[in-house]
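Student: Kindly return the folded structure for what I paste below:
(one chain, ligands or ions: 1)
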Amino acid sequence: MNDIYNSLAIVLRTFDAGEYDLFFSVLTRDFGKLKCTARGIKKMSSKNVYSLTVGSLVDLYFLAKKNASSYLVTGAKIDWKPDYLKNSFTKNKLLFSGIQLIDQLTLDEGVFDQDNFWEFDYLFNYLMEINRAKSYKKALIYHIYFVLKILDHYGFKPEFKKCIACSKSLKDKKIYYSFRDGAFVCENCLFSDFKNTQIKEFPFSALKAANFFMNNKAEVIYKLKLDKNILKALLEIVTLHKRYCLGF
Ligand SMILES: [Zn+2]
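Tutor: Next up, the predicted model:
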């Protein structure tokens, strides 16, 4: 008889695997990311497992021994899930993009000798925060904060303070993101070394906001006043930089 393990888990992806089986990928709090199979679900018409949608927080029980390429689920109780029906389309898009980011960065292997999977807490806080955000703007601010913190955790802390060419502090009204370097250039250096590289102009205040997010905790990020254009620029900076670092 195999031992049964238990952990809280967030559903990252679900795949239909035949008439009676459900195949899904979870990020567990205690064992990292795992692939799981739930057998005979439709036969048992278990309501609980049916509602294992992406983003659900479940109290998961599974056999310790890996069966082929996945772990066999013996029980799953849903504790919480995002309110996809009540949320706006744009908010749901943010929810999925956060889940996808963690899904793509974590490896598909149960790790049984580590006891801190920070990604779980980060993702759980993210889902809760986006789900309860009263406006899309608020959700977007948290999303930007989340992506910056994740990049930082994975060792991609962006250099958003100094010009990549002359190392002087960036403080001009306009600054330029170099696609080649994944960093910013000041107005002075722009015409020397960067003639043939792809660059994009941004307002300095967007970069200032990015630095504020990087250096502060979630509790204070909403205190920063951001107008629509700055927020748009900030989102673009973070998205460009994520693509530069991670390739997606
Ligand atoms: Zn410079």
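Student: which residues sit in contact with the closest residue to Tyr154 other than its chain neighbours?
Tutor: Setting aside the residues directly before and after it, Tyr154 is nearest to Leu105 in space (CB to CB, 6 or more residues apart in numbering), at 6.4 Å. For glycine as for every other residue, the C-beta is placed from the backbone atoms N, C-alpha and C. Neighbouring residues of Leu105 by CB atoms under 8 Å, 6 or more residues apart in numbering: Glu119, Ile150, Tyr154, Leu246.
Student: Out of those, which end up buried?
Tutor: Glu119, Ile150 (16 or more other CB atoms under 10 Å).
Student: just the contacts of Leu105 now: which is nearest the ion?
Tutor: Leu246 (26.1 Å; CB to the ion).
Student: My read is that that closest one contacts Gln100, right?
Tutor: No - Leu246 is beyond contact range of Gln100, at 11.2 Å (criterion: CB atoms under 8 Å).
Student: Could you save the contacts of Leu105 as TSV and add columns showing pLDDT and secondary structure?
Tutor: Output for those, formatted as TSV (pLDDT from 0 to 100; DSSP: H, G, I helix; E, B strand; the rest coil):
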residue	pLDDT	secondary structure
Glu119	91	helix
Ile150	93	helix
Tyr154	88	coil
Leu246	90	helix
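Student: domain ranges for the chain?
Tutor: Annotated domains of the chain cover 4-132, 138-246 [automatic domain parsing].
Student: Output those in a markdown table; the columns should cover distance to the ion.
Tutor: Putting the domains of the chain into a markdown table (distance: least, CB to the ion, whole Å) gives the following:
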| stretch | distance to the ion |
| --- | --- |
| domain 4-132 | 31 |
| domain 138-246 | 3 |
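Student: what's the least confident stretch among the ones you listed?
Tutor: Mean pLDDT is lowest for domain 4-132 among those, at a mean of 86.
Student: Just the helices from this protein, written as ranges.
Tutor: In the chain, the segments counted as helices under DSSP state H are 41-44, 47-50, 89-105, 118-132, 136-153, 187-190, 204-214, 228-246.
Student: Make a markdown table from those and add distance to Leu57 to it.
Tutor: Formatted as a markdown table, these follow (distance: least, CB to CB, whole Å):
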| stretch | distance to Leu57 |
| --- | --- |
| helix 41-44 | 19 |
| helix 47-50 | 13 |
| helix 89-105 | 12 |
| helix 118-132 | 7 |
| helix 136-153 | 17 |
| helix 187-190 | 48 |
| helix 204-214 | 25 |
| helix 228-246 | 25 |
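Student: Looking at those, which is nearest to Phe160?
Tutor: Phe160 lies closest to helix 204-214 among the helices of the chain, at 5.3 Å (CB to CB).
Student: Mind listing what's buried along the closest one?
Tutor: Neighbour-count burial for helix 204-214, with 16+ other CB under 10 Å as criterion, is recorded at Phe204, Ser205, Ala206, Leu207, Lys208, Ala209, Ala210, Phe212, Phe213, Met214.
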